[in-house]
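Next one to model:
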Amino acid sequence: MRELYKKTYLAEVISHRKGKSGKCRRERSGEYIEKDIPESFRRGRRDTWFGNSSDRLLSGESIKSIKDHSFVKLVLKNLIASFSMDIKARLNKYKNRFIEIWEFKIFRYAIILHISYFILAAVLVLGVFRDQNDFLVFYQVGGVFLKDISDLYNQSNYLWDFRYFPLSAIFFIPFYLMGFDAGFIVFHIFNLFINILICIILYKIILLIKASDHENNEKRIITYISVYLMALPQMFNYVLGQINIIITFLMILSLYIFIKYKDIKWEFLASFILGISILIKPITIFLIPFLIVFNYDIKQKKVFFDLKANLVRLIGVALPLSLNIIVALFYPNLVEGFIVTNFTRNSLITTNASFSITRLFVNFFLRLT
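Numbers count the residues shown, from 1 in each chain. Modelled structure (predicted):
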């Protein structure tokens, strides 16, 4: 059996002949050297299999020169095995961590109540409120985008007005293709999974920003997360099939990256993620002013404007939104439809649980006049 390694300066082909003595023969430029095979290697341990820091697997070009394809199979087998071990180790770590947090009474109550929200919402949407929820609008939007994108802002297609940017409809296409029932179930489970990620990111953010004199135990952090899970709006988000949980996740993830990393590439990524949230739901556009970076020097009493960081952030947040301009070039009527729907529609109040920020502004000024 042949196995391959690579020195940082020399490619080697090693032909192992495993016997009782555990000897191997190394072929290097015609020279044969006897070397003991470590016991851990014969057992297939990962650290020995991949060698030390100066040893690496050979490149694809060297692999092609090997006639014995069992090498590739063996490498893939060990890669899969090591990856599986990593996954199991991580799952065990998360399991043990969950057991530790489960000891907090408020966290147990929060989990039970949140699961109740989740189950109740599924029953109500698929039964009582089947024709009276936001997910139905998103489901219909995905179908219209596929069939005739130019008809996207024809509000007669929907139960309630569709007010978002044109490209946001792409997100709802997979749910439309599944059918309403299956699409809602997948959407519902996806929201639950996103909520779990939000809790994890919130936990990490609190650890990053908490003061040095903060208590060492995690009781207060767990309390914050538990309050988030128990909040009544969680039930409304599930029952109405809204996308607020997804938007919250994108905003929280963006905030975490801004706090955790200071490199320009991370600044761009965080801004880009925030731009996606605006693309899906325009209300988050009000977060853009908070991207502007000002540094205040207390000693000199001067304000410094970080031009490079600000440009990177603004470009990052604008990039996802700019894709709508490309769509508008092919379908100019979408621009008019978006403006009419959000700013100049005749109906002042839409009778549903959701609302548009722009509609609130328009309603306010119209009532003043």
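
Strands of the stretch 251-369 of the chain, start to end?
Assigned by DSSP state E, counting those that start in this stretch, the stretch 251-369 of the chain shows strands spanning 294-297, 302-305.

again with the stretch 51-200 of the chain
Counting by DSSP E, counting those that start in this stretch, the strands of the stretch 51-200 of the chain are 55-56.

which residues of it score low on pLDDT?
Along the stretch 51-200 of the chain, segments meeting pLDDT under 70 span 51-72.

Please work out how many residues are found near Phe343.
Counted with other C-beta atoms under 10 Å, the neighbours of Phe343 add up to 12. Where you see a C-beta, it was placed from the backbone N, CA and C, and this is true even at glycine.

start at 452 instead
Yep, numbering from 452; the last one is Phe794 now.

which residues does the residue nearest to Phe623 when sequence neighbours are not counted contact?
Spatially, and ignoring its direct neighbours in sequence, Phe623 is nearest to Gly593 (3.7 Å; C-beta to C-beta, 6 or more residues apart in numbering). Applying C-beta atoms under 8 Å, 6 or more residues apart in numbering, one finds that Gly593 lies in contact with Ala620, Phe623, Ile624, Pro625, Phe626, Tyr627, Leu628.

ok, now with 6 Å
Neighbouring residues of Gly593 by C-beta atoms under 6 Å, 6 or more residues apart in numbering: Phe623, Ile624, Tyr627.

List the single closest residue to the second one in space, sequence neighbours excluded.
Think Ile624. Per C-beta to C-beta, 6+ apart, closest to Ile624 is Gly593, 4.3 Å.

And that neighbour, how far from Arg548?
In this view, Gly593 and Arg548 are 37 Å apart by C-beta to C-beta, to the nearest Å.

cool, Ile651 as well?
From Ile651 over to Arg548 the distance is 10 Å, taken as C-beta to C-beta.

Next: Lys524.
In this view, Lys524 and Arg548 are 36 Å apart by C-beta to C-beta.

same check, this time on Ile645
For Ile645 relative to Arg548 (C-beta to C-beta), the value is 19 Å.

In terms of neighbours, single out the busier of these two.
Neighbours were tallied for Ile645 and for Arg548 using other C-beta under 10 Å; the higher tally belongs to Ile645 (17 against 10).

The residue lying closest to that one once chain neighbours are set aside: neighbour count?
Sequence neighbours aside, Phe700 is the residue nearest to Ile645 in space, at 4.8 Å (criterion: C-beta to C-beta, 6+ apart). By other C-beta under 10 Å, 20 other residues sit near Phe700.

Report the rounded mean pLDDT for the helix or strand Phe700 falls within.
Using DSSP states H and E, Phe700 sits in helix 695-711. Across helix 695-711, pLDDT averages out at 94.

Give me the residues contacting that helix.
With C-beta under 6 Å, 6+ apart as the test, helix 695-711 has contacts from 642, 645-646, 649, 652, 656, 659, 688, 717, 721, 724-725, 727-728, 732.

Which residue lies closest in space to Phe580, excluding its sequence neighbours?
Val690 (6.8 Å).

My error: substitute Ile660 in the last question.
Excluding its sequence neighbours, the residue lying closest to Ile660 (C-beta to C-beta, 6+ apart) is Ile710, at 6.6 Å.

Can you give me the neighbour number for the one you found?
13.

Buried residues, the helix ranked longest in the chain. List them.
For the chain, the helix with the greatest residue count under DSSP state H is helix 521-553. Judged by neighbour count using 16 or more other C-beta atoms under 10 Å, the buried positions of helix 521-553 are Phe522, Leu525, Val526, Asn529, Ser533, Ile552.

what about it, distance to the chain center?
Relative to the chain's own centre, helix 521-553 is displaced by 21 Å; criterion: C-alpha atoms, centre = their mean, to the nearest Å.

As CSV, could you dump the C-alpha coordinates of stretch 544-556?
The C-alpha trace of stretch 544-556 is given here as CSV (Å, rounded to 0.1, in the frame of the first residue of the first chain):
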residue,chain,number,x,y,z
LYS,A,544,-19.3,19.9,23.9
TYR,A,545,-22.6,21.6,23.1
LYS,A,546,-24.5,18.9,24.8
ASN,A,547,-22.5,19.2,28.0
ARG,A,548,-22.8,23.0,27.8
PHE,A,549,-26.6,22.8,27.5
ILE,A,550,-26.8,20.5,30.5
GLU,A,551,-24.9,23.1,32.5
ILE,A,552,-27.2,25.9,31.5
TRP,A,553,-30.3,23.7,32.0
GLU,A,554,-29.6,24.0,35.8
PHE,A,555,-30.9,27.6,35.7
LYS,A,556,-34.6,27.5,36.5
